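Visitor: okay, predicted coordinates and the sequence, questions at the end:
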Amino acid sequence: MDRFKLGLCQLQVTAAKEENLQRAAAAVKDAAQQGCQLVALPEMFNCPYGNHYFAKYAETFPQGETIIRLGQMAKENSVYLVGGSIPELEDDKLYNSSFVFNPAGEMIARHRKIHLFDIDIPSAITFRESDTLSPGEAVTSFDTPFGRIGVAICYDIRFPELIRTMALQGIVLLILPAAFTMVTGPAHWELTLRARSLDNQIYVAAVSPARDESADFVAYGHSLVTSPWGEVMVQADEKPGLITANIDLKLLAKIREQLPLLKHRRTSVYQL
Ligand SMILES: O=C(O)CCC(=O)C(=O)O
């Protein structure tokens, strides 16, 4: 399959978990009705983003309510579903985890955010995910009839070695549930996503919660899809909504043939 349609659901996220799940279900249905075969949700879509919420909203695989509902959404709509991320509890540890389902509703991959967002920009933003979360230890991708697809979460995108590793493992598209801040979003969001697309010659699809100025953590929004040529194909504003993009694997192959960056690497001179 050389082409497929991707949908990114930029959801409003509140403290009411059930409402978050219902909004996600409606958005996945809408995307499927618009012909999307792969649908993705935002980072921490069932829970407000903040250290004091994660333990309260955390779920354990496989019996967690959100995890079960994600499988149902994938099956009912016959889509691949990258279920954003949720706080996951296992053996007394919390992770920022993305669960991925196939169109039969089976869980086929789980990514635990590898790089925790511990930053301190005085008078702008201080956040320490490591106060509550533990880091994931694995690179994540899954295979579909459309090709191999990678999953990373938010701050993971800032580590080019990770995305290059995935590109060398053969991904054609990276899905990034994310929630950039109002400080780093305007400065780095589009630039970083375009750069990862361009230097690895892959599609990148980043999906944020919608902006809520009254929330403890105000997400930038601006979910977007970038092409292997480094262009922005489609970008949301800050409000809730669905954006879609046609992923063209022939175009990806043509760009890699005409500008063979991955082949031109000099691994005898440098290695990851
Ligand atoms: O890298 C950034 O600027 C934002 C990252 C972030 O908010 C996160 O990883 O949750």
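Guide: Everything's here; your move.
Visitor: give the contact list for the residue in the stretch 1-150 of the chain positioned nearest to the ligand.
Guide: In the stretch 1-150 of the chain, the residue that lies nearest the ligand is Phe117 (3.5 Å; CB to the nearest ligand atom). Bear in mind the C-beta positions are built from the backbone N, C-alpha and C, glycine included. Residues counted as contacts of Phe117 (CB atoms under 8 Å, 6 or more residues apart in numbering) are 127, 129, 154-155.
Visitor: flag every residue of the stretch 101-250 of the chain that's near the ligand.
Guide: 117, 154-155, 158, 179-181, 184, 188 (CB under 6 Å from any ligand atom).
Visitor: any idea which of the residues you listed is closest to Ala27?
Guide: Nearest to Ala27 out of those is Ala179 (CB to CB; 16.3 Å).
Visitor: count of neighbours near that closest one?
Guide: 27 (other CB atoms under 10 Å).
Visitor: what do you get for the one 4 residues further on?
Guide: Neighbours of Val183 under the rule other CB under 10 Å: 15.
Visitor: ditto for the one 10 residues further on
Guide: Burial of Leu193, expressed as a neighbour count using other CB under 10 Å, amounts to 25.
Visitor: so it: helix, strand or coil?
Guide: helix (DSSP: H, G, I helix; E, B strand; the rest coil).
Visitor: pLDDT value on it, please?
Guide: With respect to pLDDT, Leu193 scores 98.
Visitor: surely Tyr155 is in a helix?
Guide: Yes - counting by three-state DSSP, Tyr155 falls inside a helix.
Visitor: ok, it touching Phe127?
Guide: No - taking CB atoms under 8 Å as the definition, Tyr155 is not a contact partner of Phe127, at 9.7 Å.
Visitor: who has more neighbours, these two?
Guide: Tyr155 (22 against 18).
Visitor: quick one: contacts for that one?
Guide: 113, 115-117.
Visitor: which residues in the stretch 51-200 of the chain form strands?
Guide: When secondary structure is read from DSSP state E, counting those that start in this stretch, the stretch 51-200 of the chain shows strands at 80-82, 86-90, 93-101, 107-112, 118-121, 125-128, 140-144, 147-151, 171-177.
Visitor: gap between the longest one and the chain center?
Guide: The reference is to strand 93-101. 11 Å (CA atoms, centre = their mean, to the nearest Å).
Visitor: same check, this time on the first one
Guide: For strand 80-82, the distance from its own C-alpha centre to the chain's C-alpha centre is 10 Å (CA atoms, centre = their mean).
Visitor: sheet partners, orientation included, of that strand?
Guide: strand 38-40 (parallel), strand 93-101 (antiparallel) (DSSP bridges).
Visitor: identify the residues contacting it?
Guide: With CB under 8 Å, 6+ apart, strand 80-82 has contacts from 28, 37-41, 70, 73-74, 98, 100-103, 144, 149, 151, 175, 177.
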